[in-house]
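>>> Please find the sequence and the predicted model below.
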Amino acid sequence: DTGVSQDPRHKITKRGQNVTFRCDPISEHNRLYWYRQTLGQGPEFLTYFQNEAQLEKSRLLSDRFSAERPKGSFSTLEIQRTEQGDSAMYLCASSQGLVYEQYFGPGTRLTVT
Amino acid sequence: EDQVTQSPEALRLQEGESSSLNCSYTVSGLRGLFWYRQDPGKGPEFLFTLYSAGEEKEKERLKATLTKKESFLHITAPKPEDSATYLCAVVDNFNKFYFGSGTKLNVKP
């Protein structure tokens, strides 16, 4: 297992377009988290899944954001009608059971022009 | 509201000059405190988990300690390769994680 992977690594899109990011967690990890990170700030929690169930969503996650984790494996994060303020690094992390250590992927850097 | 504050925002050290980074927190029901290292353009890399006051963890030149209100990351005789941003995070009773803004460490040879 090579760790958490994310695709794409970089995405440039025009304002108003929809974008979708994918995260593949470490295979035995049942928890998956999405974060957003802007320059000079720490990651901000967006949402997390335990298996396929989405258990918590931040109020930062507006109606334009949706996340899924079908079958409790990979996850997708979709942003509809992107805005310039959505430009950030989107990070995915996974952890196993009651162990809280999270292992992060390399992130997807989104630029909205 | 749950909150994590890290200080200083930036720290410049000479190689071999030991120092400490601070992470203070307010959280409803601390389940764990974590330290991560983040290099530019990369995801955070896990370093330590601390669960209760008085706990200490060590790894090479790094040592993390925890009290009821704060955590310290001590760096002993740092090397240039220790240059990175160090992030602190806590998890609360609702399994939500809160990160600080990080301390950007620069170690000069």
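Yep, it's here. These numbers were taken from a predicted model, which means no experiment stands behind them.

>>> so, in contact with chain A or not, stretch B:62-81?
No. Using C-beta under 8 Å from any C-beta of the partner chain, stretch B:62-81 stays clear of chain A, coming no nearer than 13.1 Å. Backbone N, C-alpha and C define where each C-beta goes, glycine included.

>>> ditto for stretch B:96-103
Yes. Residues of stretch B:96-103 contacting chain A under C-beta under 8 Å from any C-beta: B:96-102.

>>> Let me see the ranges of the strands in chain B.
B:3-7, B:10-14, B:19-26, B:32-38, B:45-50, B:56-59, B:62-66, B:70-75, B:84-91, B:97-99, B:103-108 (DSSP state E).

>>> buried sites along the least confident helix or strand in chain A by mean pLDDT?
When the helices and strands of chain A are scored by mean pLDDT, DSSP states H and E, strand A:53-57 comes last with a mean of 87. By neighbour count on 16 or more other C-beta atoms under 10 Å in any protein chain shown, the buried set for strand A:53-57 is A:E56.

>>> The very next helix or strand once past it pairs with which strands, and in what direction?
As assigned by DSSP states H and E, the chain's next helix or strand after strand A:53-57 is strand A:65-68. Strand pairing for strand A:65-68, using DSSP bridges, gives strand A:75-79 (antiparallel).

>>> And the partner strand, how far out from the chain middle?
7 Å (C-alpha atoms, centre = their mean, to the nearest Å).

>>> and if you look at stretch B:89-106?
Centroid displacement of stretch B:89-106 relative to its chain, using C-alpha atoms, centre = their mean, is 9 Å.

>>> No more questions from me, cheers.
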